[in-house]
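One predicted model, sequence on top.
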Amino acid sequence: MPIWLEIIIRTLSAAVVLFIMTRLLGKRQLSQLTFFEYITGITIGDLAAYLSIDHEQDWYIGLVAMATWFLVSFGIEFLQMKSKKSRDWIDSKGTVLIKDGKILEDNLKKEKLTNEELLEQLRKKSIFKLSQVQFAVIEPDGEVNVLLKDEYQPITPAQLGIKIPAESEPQAVILDGKIMDEPLATAGFSRQWLNTELEKQGVSLDNVYVGQVDGYGQLYIDLYDDQIQIPQPQEKPMLLATLKKCEADLELFALSTENETSKQIYTTCSEQLQRVINDIRQLLIQ
């Protein structure tokens with residue numbers, strides 16, 4: 001067999017074996033790999049390269065070495081899944097670096113981190129003031145996670161007592177100028193509705209690069225021609241403004257009338273409309 005043909009066969013075989021091994025070992029991002037998993041990946045890759053080009057050695061020697069490393073890594077992962085003690089010993093545990101706003105110097109030394117490196121990690125989290133940090137921990141993969149003090153955490157609708165309805169997944173209904181019928185049906189709309197929305201915005205279907213419908217039925221489009229300015233939809237802001245005007249008119253009627261019965265009716269309707277506005281405000285400002 002010619003050498004070039006043998007190398008092609010070896011390379012394809014190594015690629016297939018390497019693909020099968022990586023699928024069996026599971027999916028992890030590079031930043032999530034432990035040090036041992038990182039070394040194992042490099043070693044198996046080197047063995048696959050050795051198997052591909054070293055035609056003077058028997059091909060099965062490289063496969064045996066790859067299989068051995070694979071079994072070791074697979075066995076360690078299985079052991080980690082079955083035993084927390086083994087998981088803590090192999091991967092180690094997270095280490096607290098800041099607690100109750102105080103830096104734990106001994107833990108910094110344990111993790112071989114300097115105070116400057118800690119500040120750098122905080123800056124990567126967009127935290128430039130150490131005084132804002134309540135708690136910080138370094139995870140086994142080296143990532144530093146931070147909990148801010150209550151007064152520096154962003155305000156959420158839940159803290160304000162506002163209930164936000166669950167939003168469904170956005171659907172890409174137009175790709176490369178073509179309508180995607182299945183995502184459009186999943187979003188609960190028809191082609192007729194989509195064409196009507198495109199007419200409202202004054203664009204043609206063949207000029208749309210991407211069209212996406214969010215959970216509130218709002219259509220966002222990106223055109224091939226970036227010079228064209230697409231007007232923003234005004235239906236929701238106009239509806240909110242109309243409701244506010246109606247509520248203000250009801251208050252005005254209540255103040256201007258001298259009839260106590262009418263005044264009470266206007267006041268009650270105004271309060272009810274105000275509650276409605278508060279309930280749907282988040283939907284109308286999306």
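Yes, it's here.

Find the nearest non-adjacent residue to the residue nearest the centre of the chain, please.
Nearest to the mean C-alpha position of the chain, by Cα atoms, centre = their mean, lies residue 169 at 12.6 Å. Spatial nearest neighbour of residue 169, excluding adjacent residues (Cβ to Cβ, 6 or more residues apart in numbering): residue 215 at 7.1 Å. Every C-beta, even on glycine, is put in place using the N, C-alpha and C of the backbone.

now do residue 86
Residue 86's closest residue in space is residue 79 (Cβ to Cβ, 6+ apart), at 4.7 Å.

ok so, going back, give the contact list for the residue nearest to residue 169.
Shown in contact with residue 215 (Cβ atoms under 8 Å, 6 or more residues apart in numbering): 167, 168, 169, 170.

can I see the domain layout of this protein?
The chain breaks down by automatic domain parsing into domains covering 3-89, 95-152, 171-223, 235-284.

Deepest in the core, which of the ones you listed is it.
Highest mean neighbour count among the domains of the chain (mean count of other Cβ atoms under 10 Å): domain 171-223, with a mean of 16.

measure that one end to end?
17 Å (Cα to Cα, to the nearest Å).

Centre of the chain to it, how far?
Counting by Cα atoms, centre = their mean, to the nearest Å, domain 171-223 is centred 23 Å from the centre of its parent chain.

if we can go back for a sec, now, which of the contacts of residue 215 sits nearest residue 240?
residue 167 (18.3 Å; Cβ to Cβ).

Read off the pLDDT value for that closest one.
pLDDT for residue 167: 70.

Regarding it, what is its secondary structure?
At residue 167 the chain is in coil, as set by DSSP: H, G, I helix; E, B strand; the rest coil.

Check the gap between the residue nearest to it when sequence neighbours are not counted and residue 39 for me.
Once flanking residues are discounted, residue 167 sits nearest to residue 215: 3.6 Å by Cβ to Cβ, 6+ apart. Here residue 215 is placed at a distance of 44 Å from residue 39 (Cβ to Cβ, to the nearest Å).

again, but for residue 83
In this structure, residue 83 and residue 39 are 22 Å apart, going by Cβ to Cβ.

For the stretch 51-200 of the chain, which segments count as helices?
Ranges of helices in the stretch 51-200 of the chain, per DSSP state H, counting those that start in this stretch, are 59-82, 84-91, 105-110, 115-124, 181-186, 191-201.

In terms of mean pLDDT, which of those helices ranks lowest?
Across those, the lowest-scoring stretch is helix 84-91, with a mean of 68.

quick one on the thing from earlier: using a markdown table, please lay out the domains of the chain together with distance to residue 161.
Listed next are those as a markdown table, based on distance: least, Cβ to Cβ, whole Å:
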| stretch | distance to residue 161 |
| --- | --- |
| domain 3-89 | 37 |
| domain 95-152 | 17 |
| domain 171-223 | 21 |
| domain 235-284 | 10 |
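
closest to residue 229 out of those domains?
domain 171-223 (9.6 Å).

Quickly note the distance from residue 163 to residue 275.
On the measure of Cβ to Cβ, residue 163 and residue 275 end up 12 Å apart.

hang on, I meant residue 175
From residue 175 to residue 275 the distance is 42 Å (Cβ to Cβ).

likewise residue 84?
Distance from residue 84 to residue 275, by Cβ to Cβ: 50 Å.

so residue 114 sits right up against residue 103, yeah?
No: Residue 114 is beyond contact range of residue 103, at 11.3 Å (criterion: Cβ atoms under 8 Å).
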